[in-house]
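Colleague: Show me the folded form of this:
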Amino acid sequence: MALAITPPYSFSFTTRSFKSSFTTTSLVSYKNPILNLSSNRPSSTCFSSSSSSEITSETAESCVNLGLSLFSRGRVNDALSQFETALTLNPNSVEAQAALYNKACCHAYRGEGKKAAECLRTALKEFDLKFGTILNDPDLASFRASPEFKEMQEEARLGGEDIGNSFRRDLKLISEVQAPFRGVRRFFYVAFTAAAGISLFLTIPRLILAIKGDDGAPDIMPTAGNAAINIGGIVVFVALILWENKKEEEQLTQISRDETLSRLPLRLSTSRVVELVQLRDTTRPVILAGKKETVSSAIQKAERYRTELLRRGVLLVPVIWGENREPILEKKGFGTKKAPASLPSIGEDFEKRAQSITTKSKLKAEIRFKAEVVSPSEWERWIREQQMSEGVTPGEDVYILLRLDGRVRRSGRGMPDWQQIVEELPPMDALLSKLER
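Modeller: Residues are numbered from 1 along each chain as shown. You can find the predicted model right below:
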């Protein structure tokens, strides 16, 4: 069997789950990314099921195997019992991480957000689970729409002992790419602050002598002026350091929000379910969020410009407030079916994750004018967070236009002016579109 554990995330721009194997006597399918114990390079995991007659004694391995098998058949309660049993059988770190993570998936399916969060916190803190794994997993879609996940994500963004620093570290790496001179500016601010502080330290004794007016004392006005300049410099540069820190936190928050957006699922017109990140470089999604009649009216108006919008890679993504349909997935659980390939975000090496030309062409052929959201509650939560960050009352009708690279291009209240969008966006084969990728 192989038990799953997430490998350490290296910085690049990918999101899809990746897997490796750890083989013993019996194998069961497991969807979570794991670490190859003989290599740091990710490879695909395949767990084969074994009959109960082959299990000679109850171990943490056998319980996790059986739990995975039960989960794949939809017997969530029985699977949960097996994962709980595995945790009582002195599991090693790999087995404990697998048991806790899959136990959290069971709790998420049962709507027990707090219990799922407790399991994930333990796996993150004690067994080196990577936060990106939680973001990737479709079986945790309902949990990601809960307030418990929002709290965990905020803690992960800030970093800390209870949640780990891996997610914040990855966010900071992306932040440095987007703002490469922030570190240089901060260095000079600190250096100038230190220089002003040293100068002030040397000026204070001279100022005291000048105030006393003893023989040979320096003139008070030039000395006081020097002290004032140093104090002013310290205040200005400290303020600049604080401002840079604030801007960095705002940027990390936005990157975290963009990462969440990139993992939201869509159903294309061919019924294929993909993550939004898979559409990067090929489409400019336009999210239309609002009441049903408002969104329907906007889609009807967009039909008038259908040809021009398609030339510009526009894909309509309607989100109806309060339409919390259950996501219809072809298969749930930890089956052997691989997660769909994805384009750049946070994860493993880009060269290993880049889609082939054939795969991208097939996906591009499936993309039509409109897509259907999967897990509407997750989409609603993200849009409401975006509204709050922009100072918009949550629940208002809004539209969000994304770039080809997946970032937000612009957003606004109400529905978009399609004529303006046609005039604003360059065709997909234009030079500006190539630069936007």
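
Colleague: what about the spatially most central residue of the chain, helix or strand, and which?
Modeller: Against the mean C-alpha coordinate of the chain, by Cα atoms, centre = their mean, the closest residue is Glu259 at 3.1 Å. Secondary structure assigned from DSSP states H and E places Glu259 in helix 220-262.

Colleague: swap in Val190?
Modeller: Going by DSSP H and E, Val190 is part of helix 182-212.

Colleague: domain assignment for the protein?
Modeller: 52-164, 182-260, 264-436 (automatic domain parsing).

Colleague: and these, which is most packed in?
Modeller: domain 52-164 (a mean of 20; mean count of other Cβ atoms under 10 Å). The way it works is simple: take the backbone N, C-alpha and C, and place the C-beta from them, glycine included.

Colleague: just the angle between the helix holding Glu259 and helix 182-212, please?
Modeller: 160 degrees (axes from the mean of the first three to the mean of the last three Cα atoms, to 10 degrees).

Colleague: next helix or strand past helix 220-262?
Modeller: strand 265-267.

Colleague: Adjacent strands (with direction) for that following strand?
Modeller: Applying DSSP bridges, strand 265-267 is found paired with strand 273-275 (antiparallel), strand 372-373 (antiparallel).

Colleague: got a list of what Leu316 touches?
Modeller: Applying Cβ atoms under 8 Å, 6 or more residues apart in numbering, we find Leu316 in contact with 285-286, 288, 299, 302, 369-371.

Colleague: with those in mind, which one is nearest to Leu240?
Modeller: Pro285 (37.1 Å; Cβ to Cβ).

Colleague: what's the pLDDT at the closest one?
Modeller: Turning to Pro285, the model gives it a pLDDT of 94.

Colleague: I'd say it and Glu275 touch.
Modeller: No: in this structure, Pro285 is not within contact of Glu275 by Cβ atoms under 8 Å, at 11.7 Å.

Colleague: how about the strands in this structure?
Modeller: 265-267, 273-275, 284-290, 314-320, 372-373, 398-402, 408-413 (DSSP state E).

Colleague: What separation is there between Gly290 and Ser296?
Modeller: 10 Å (Cβ to Cβ, to the nearest Å).

Colleague: just to revisit the earlier point, closest to Ala196 out of the strands of the chain?
Modeller: Closest among the strands of the chain, using Cβ to Cβ: strand 408-413, at 39.2 Å.

Colleague: That closest one: partners in the sheet, and parallel or antiparallel?
Modeller: Counting by DSSP bridges, strand 408-413 is paired with strand 398-402 (antiparallel).

Colleague: one step back: return the list of helices and strands in contact with the helix holding Val190.
Modeller: Here helix 182-212 touches helix 166-178, helix 220-262, going by 3 or more Cβ pairs under 8 Å, 6 or more residues apart in numbering; DSSP states H and E.
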